[in-house]
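**Student:** kindly generate the corresponding structure for this input.
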Amino acid sequence: MQALTKPQNKPHSWGTSSTLLGRVLADEEGAWQALCDIYTPLVYAWARRFQLQEADAEDIAQEVFRRVAQGLRKFQYSGQNKTFRGWLWTITRHVAADFFSKQGVQVAVAEGGSHAHRRIHEAPDWINDDASEPPQLPASEEAALIRRSLDLVKADFSEQTWTAFWQFTIEGQKAADVAAGMSMSQAAVRQAKFRVLARIREVLG
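**Tutor:** Below is the predicted model of the structure:
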């Protein structure tokens, strides 16, 4: 499996009882790419919060997904009470820590060690945070994660259900206005929101 490739921007339709991780483990076509499309920008955002340059953050994202590909089956069947996002955060933190450590060693050879010592101790506190779940990111980045996830489930719903969900949940229109414009009941509009969000939680595990 290739860790990062150019996003295809094509909708996928998964079985109603499937999770994305299950599809990846089954080597289903498009599943690994979908996983990368959803989570790579999140890993990159975490890396940037470590005060890394763009190129370094991209390298860390590459390494994170290489480790994900190697360890995903073990994670899925480990039985640990941990979310995929939390596991992804732990891997990102470890990769970032390795990066800072390597940078420190390289600088120590050239500058006698003093600058390297400072560099390691200047690494963001998040690297040493043992919390299983990642720190809260800005609402805009959280919203972007949800928007990327929506591409996975759009094909699972009728046009009416999807449009009602989108107008009510994403655009923030009032349920009464959406219902009137689509000849639906307000209860049906709220049900559309519930169904789509439940599907996202199911697919993402």
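**Student:** when you work out contacts or count neighbours from here on, use the C-alpha atoms and nothing else.
**Tutor:** Noted.
**Student:** any buried residues in the helix or strand harbouring residue 75, and which?
**Tutor:** Taking DSSP states H and E as the definition, residue 75 sits inside helix 54-76. Neighbour-count burial for helix 54-76, counted by 16 or more other CA atoms under 10 Å, picks out 56-65, 67-69, 72.
**Student:** please, where are all the helices along the chain?
**Tutor:** Using DSSP state H, the helices of the chain run over 20-25, 31-49, 54-76, 84-111, 114-121, 139-153, 159-165, 175-182, 186-204.
**Student:** could I get those as JSON lines with mean pLDDT?
**Tutor:** Formatted as JSON lines, these follow (pLDDT from 0 to 100):
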{"stretch": "helix 20-25", "mean pLDDT": "84"}
{"stretch": "helix 31-49", "mean pLDDT": "88"}
{"stretch": "helix 54-76", "mean pLDDT": "90"}
{"stretch": "helix 84-111", "mean pLDDT": "71"}
{"stretch": "helix 114-121", "mean pLDDT": "44"}
{"stretch": "helix 139-153", "mean pLDDT": "80"}
{"stretch": "helix 159-165", "mean pLDDT": "95"}
{"stretch": "helix 175-182", "mean pLDDT": "95"}
{"stretch": "helix 186-204", "mean pLDDT": "89"}
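**Student:** any idea how far residue 197 is from the residue most central in space within the chain?
**Tutor:** Of all residues in the chain, the one closest to the mean position by CA atoms, centre = their mean is residue 39, 2.8 Å from it. Going from residue 39 to residue 197 by CA to CA, to the nearest Å gives 18 Å.
**Student:** how about the contacts made by residue 179?
**Tutor:** 164, 185-186, 188-189 (CA atoms under 8 Å, 6 or more residues apart in numbering).
**Student:** are any of those residues buried, and which?
**Tutor:** Burial by neighbour count, judged by 16+ other CA under 10 Å, picks out 164, 186, 189 from the contacts of residue 179.
**Student:** could I get those residues as CSV with distance to residue 102?
**Tutor:** Output for these, formatted as CSV (distance: CA to CA, whole Å):
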residue, distance to residue 102
164, 51
186, 57
189, 53
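**Student:** closest to residue 45 among these?
**Tutor:** Closest approach to residue 45 among the buried ones among the contacts of residue 179 (CA to CA): residue 164, at 30.7 Å.
**Student:** apart from its chain neighbours, what residue comes closest to the closest one?
**Tutor:** Of all residues not flanking residue 164 in the chain, residue 189 sits nearest, at 5.7 Å (CA to CA, 6 or more residues apart in numbering).
**Student:** helices and strands around the helix holding residue 75, which ones?
**Tutor:** Applying 3 or more CA pairs under 8 Å, 6 or more residues apart in numbering; DSSP states H and E, we find helix 54-76 packed against helix 20-25, helix 31-49, helix 84-111.
**Student:** so which of those helices is nearest residue 171?
**Tutor:** Using CA to CA, the nearest of the helices and strands packed on helix 54-76 to residue 171 is helix 31-49, at 20.8 Å.
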